[in-house]
Each structure stands twice: as C-alpha cells, then as structure tokens.
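need coordinates for the below:
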Amino acid sequence: MDIASRSNLKRKQKTLTLHEKVRIIEDFEGGGGTYESLARKYGVGSSSVSRFIQHKEELRTKLDSYREHGVENRRTLKEQRLPVMEKSLYLWILQQREANILVAPEALRLKGELLLGELQKRGHYVDQSLTFSDGWMRRFKARYGLRVKRVTGEKASADTAAYLRFKDIFKTKLIEMGLKKSQVYNADESAIFVKLLASRSVVLSNEHQPAGRKLNKMRYTFMPCSNVDGSNKLKLMFIGTAAKPRSFPDKDKLPLSYYSSKKAWMTRDLFKSWFYNEFVPAVREFSNKSNLEPKALLLLDNCTAHYDGGDDLVSDDGLIKVIYLPPNVTSECQPMDQSVINAV
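Numbering: from 1, shown residues only. Okay, here's the model as predicted:
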C-alpha cells in the first residue's frame, strides 16, 4: 500500500463527551470487549480507551458534577482558572433564584468582580487577574448549565402605511419652509425607572422561565432634543416629583433643565413651558451664531402632552413650528427614540 492510500485510511479525530467516555468504561467493566474492539465501536484510538479506563474515577466524578447543573455535553476534564470564585458565584445565583430574585447578566458580571476582589483580600488568587468578558460569561454559563431568558416584553407592530403617507407630508413641509438639516429638530421623552427589576435573568438548567413579581415603577422623565445633524443639542429636560429637590438645592446650576410634576410625568403645561422658554430661544440663538434664518420645524409624536387637540405650538413670529407623527410609527421614524433614548 502506498503512502497516499495509507493517509486515506487515517482515522478522523473524534472528541467524545464525558458521558460517552464513561459509557466506554461501563462497557469494558461489563465485559463488552477489549480496548481494540471498544476503540473501533466508538471511533477512537485504543490508547484513548486505555486512558479513559485509567482515569475512570475522575471522569465519573466530573460527569456527576456537571449533571448536577444539567450539563450533559462537556468534553474535557479541564478545570476553570478560579474554581473557588466560580463556585461561590454559582452559589450566589442559587440563593438569588431560590428567593425569586432576577439576576441580570450585568449583575452576574459585577458580582463575579466583587467576589474575586473579596477572595484576593483574603489571600486567594493574589497574583491572578480575570477579565469578565463575554467569552468568560459564555464559558461560565456552559459549565454550570445557565441560560439567559427574557422575563417579559412584547413589541407592537408599526403602522407602516401611515408611516409611508407621513413621509410625503413631511417632505412637502420641509420644501415649503425651505429648511436645512440643521433647522429640523426632534424631541421625545422617556422614563428612567430607578427601582425597576431587570427584564432578563440568568436561570438554572431546570427553570423554564423566570417568574416575575410586582414591579416598583418609581420613575423620572427625561427628554432629549437635537437637530438632524447634531449641531445643536439642547439641554436635557428632566422631570422629577419635587419642586425643590434636596439632592439639588441649586437646581439652576445643573447641566439640564429641571421641571417637576406630581408623578414626574410630562404634561401639556410643562411641554408648552419648555417649548416657549427653552426651545424657541435656543433655536434663535443657534440660528444667529450659524448665520441662519431663525426658523425650524420640531418633529414630535402626537401624545396628549404634546398635542391636546387645541392650538398648535408655534413661535410668536410663526417661523418655528411643530409637526406631529401619526400614531404607532415610533419604531419606524422616531429618530430620538431609536438613537439617544435607545442608548440610554
């Protein structure tokens, strides 16, 4: 047989799972054949079969350990670098899930960093460091049979037909007013829920879905506003519940515009105050610095805080106006929601 023929007969390398390795050991102990016959049966070398049998206790112990976490497909006996830290982290996850507390992936990462710091203070892993990267997170979850599941959440479909009609109306308005990109603005408010639980949680291998609980919806409202090319970013509008917050005794010096309402929601009166006292002056100041005619168009959604069916918002000279989006098109054409608010 020539060299080429021999190379074609070479056995393809095959990596067995711990479960398959233990099954070989059980076959051998049950009189299922010699090293060579078992090697042919499972597609590995006889030396591999010999090695599995020599390390049978270690393989069984490791397999039992992984099975406790619902993991069946591990292939190696390789130990993690920081086993005490990872076991402590897994114990913490068990405690949180037994108490039905959601464990967001970011919280898992931060808890790992804290545990490693505590262990190093006690003399463990002093000369070692670990980057809690996405790769580490993926391997840690695989070792302990962890998954990430969404708790709640459903996105409504956009009204695509209304969006397409509005595009033509918006384009006509821009041509009619003779506006440049820097004269077209968008603003939209959103909520910051400062005590709201995460919407995703790390769950154990035997958990189908993380159970939710009553949510604490304590919130504040913020509203960013900018022109299309980003050359004029207005101060962030922030709405709290306190007219004179203790945390900000001199709120006029904050790098934002502070307002207040009973439930920290946007109201028609607050929005009108912002439009006439902040938006219009800011547009005029920017126009003066940029040698532009002081005119602009502000794109808004049609919520009742922006539009209540009464008079439209317009500056005293009629050059700064507002145009409203049709209902249910935010996911298609609300720039501030898709960029700035989404990043927040």
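
pLDDT below threshold where in the stretch 151-300 of the chain?
Across the stretch 151-300 of the chain, residues meeting the criterion (pLDDT under 70) sit at 151-158, 196-199, 210-217.

tell me where this protein has helices.
Shown for the chain, the helices assigned by DSSP state H span residues 3-8, 18-29, 35-42, 46-54, 56-68, 83-98, 105-121, 134-144, 160-177, 268-274, 280-289, 330-333, 335-336, 342-343.

between these, which one is nearest to residue 304?
helix 268-274 (6.8 Å; CB to CB). For the C-beta atoms, the positions are set from N, CA and C on the backbone; glycine is no exception.

and the gap between the residue nearest to residue 333 when sequence neighbours are not counted and residue 206?
Using CB to CB, 6 or more residues apart in numbering and skipping residues adjacent in sequence, the residue nearest residue 333 is residue 163, 5.6 Å away. The span separating residue 163 from residue 206 equals 44 Å under the rule CB to CB, to the nearest Å.

and if you look at residue 90?
Taking CB to CB, one finds residue 90 at 14 Å from residue 206.

hmm, residue 231 is touching residue 292, no?
No. Between residue 231 and residue 292 there is no contact under CB atoms under 8 Å: 10.3 Å.

how's this protein carved up into domains?
3-68, 83-145, 160-196+217-343 (automatic domain parsing).

which residue packs closest to residue 159, ignoring adjacent ones?
Here the residue nearest residue 159, using CB to CB, 6+ apart, is residue 328, at 4.4 Å.

next, count neighbours for that neighbour.
If you count neighbours by other CB atoms under 10 Å, residue 328 ends up with 15.

check residue 247 too.
Using other CB under 10 Å as the criterion, residue 247 is surrounded by 7 other residues.

next one: it from residue 145, what distance?
Taking CB to CB as the measure, residue 247 falls 43 Å from residue 145.

same check on residue 326?
47 Å.

those two - which one has more neighbours?
With neighbours defined as other CB under 10 Å, residue 326 and residue 145 compare such that residue 145 has more, 19 against 15.

the more buried one touches residue 207, doesn't it?
No. Checked against CB under 8 Å, the pair residue 145 and residue 207 is beyond contact range at 10.2 Å.

centre of the chain to stretch 308-318, how far?
Here stretch 308-318 is found 39 Å from its chain centre; the criterion is CA atoms, centre = their mean, to the nearest Å.

so for that stretch, what gets flagged as buried?
Buried residues in stretch 308-318, counted by 16 or more other CB atoms under 10 Å: 313, 315.

identify the contacts common to residue 231 and residue 292.
Residues touching both residue 231 and residue 292 (CB atoms under 8 Å, 6 or more residues apart in numbering): 182, 286.

ok, the two, which is more surrounded?
residue 292 (16 against 12).

check contacts around that one.
The contact partners of residue 292, by CB under 8 Å, 6+ apart, come to 180, 182, 183, 286.

out of these, who's the most crowded?
Neighbour max across the contacts of residue 292 (other CB under 10 Å) = residue 183, 25 neighbours.

show me what contacts that residue?
So residue 183 contacts 227, 283, 287, 292, 295, 296, 297 (CB under 8 Å, 6+ apart).

weed out the non-buried ones from those residues.
The buried subset of the contacts of residue 183 (16+ other CB under 10 Å) comprises 227, 283, 287, 292, 295, 296, 297.

which members of the residues you listed are positioned in strands?
227, 296, 297 (DSSP state E).

any idea how far residue 106 is from residue 131?
15 Å.

so between these two, which is more surrounded?
Neighbours were counted for residue 106 and for residue 131 using other CB under 10 Å; residue 106 has more, 11 against 8.

separation between the more buried one and residue 45?
From residue 106 to residue 45 the distance is 45 Å (CB to CB).

repeat that for residue 54.
From residue 54 across to residue 45, the span is 14 Å (CB to CB).

looking at these two, which is more packed in?
Using other CB under 10 Å as the criterion, residue 54 and residue 45 rank with residue 45 on top: 15 against 11.
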